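K.L.:
can't give you the sequence, but here's the structure:
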């Protein structure tokens, strides 16, 4: 296997950035700092068309790290996050013995490491339950994904004296040269208020109409099976889990 990795959404990015930095000037009326750390992960689903070599692009898990800004009001709170998102692409294939020089058949799995995306999100959260130690909220808001071109070309072939038997693949981020993807988040979260930190775990459902990655696989010179051309994609919508952590102002207060 040889692999190489070589407007309207723009307006949304400017709006998100503007909202983020304008909110920094708002008055902080709670005992925690507004800025915190965000850690999160998302489950990305793939879609696969049938093909002669049972090629499949697998579902994958992302790992995200970034900064969060929280502004709390009476019944609402506003959370802005900026993340770097990393994930690996994994594909597998299974050749029938009748189609290749090896009569026992052949199965393979390949990992393409380190696709990087960048995300900006803003949510408006309605506080459903508020107490001194715990808040529960539901929120919605836009998310802008920035995914530059991510071209992949490759082949998996068995070389004989006269021909190459196997498949080739060609993929890229779904929008190509346009790196912007806009979607909507729905969050359900809890604020656990401790003496030294506020811990905010949350679940996210993200809806995005577009795929984020598309791949085309073309088989060639199979001995018995008909050659096929199939499409494989990673969806933009996902389910995710994350946590924001905000330090308490009491950490840095001088003790009398």
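P.N.:
Perfect, I can see it now. Since we're looking at a predicted model, the values are computed, not measured.
K.L.:
Now do the longest strand anywhere in the chain: distance to the chain's middle.
P.N.:
As assigned by DSSP state E, the longest strand anywhere in the chain is strand 106-130. Averaging C-alpha positions (CA atoms, centre = their mean, to the nearest Å) puts strand 106-130 3 Å from its chain's average.
K.L.:
List the buried residues in that strand.
P.N.:
For strand 106-130, the neighbour count (16 or more other CB atoms under 10 Å) marks 106, 112, 115, 117, 118, 119, 120, 121, 122, 123, 125, 127 as buried. No exception for glycine: its C-beta is placed from N, CA and C like everyone else's.
K.L.:
Which one of those is nearest to residue 216?
P.N.:
residue 112 (15.3 Å; CB to CB).
K.L.:
dump the residue contacts of the spatially closest residue to that closest one that is not a sequence neighbour.
P.N.:
Distance criterion CB to CB, 6 or more residues apart in numbering; nearest residue to residue 112, sequence neighbours excluded, is residue 89 at 4.3 Å. By CB atoms under 8 Å, 6 or more residues apart in numbering, the contact list for residue 89 reads 57, 58, 60, 111, 112, 115, 152, 213, 234.
K.L.:
quick one, helices of this structure?
P.N.:
If DSSP state H is used as the criterion, the helices of the chain fall at 8-23.
K.L.:
any low-confidence regions in it?
P.N.:
Under the criterion pLDDT under 70, the flagged ranges of the chain are 1-30, 253-256.
K.L.:
just the strands in it please.
P.N.:
If you assign secondary structure with DSSP E, the strands in the chain sit at 2-5, 35-48, 56-57, 60-61, 63-72, 76-95, 106-130, 134-146, 152-159, 164-173, 180-193, 197-207, 211-220, 229-247.
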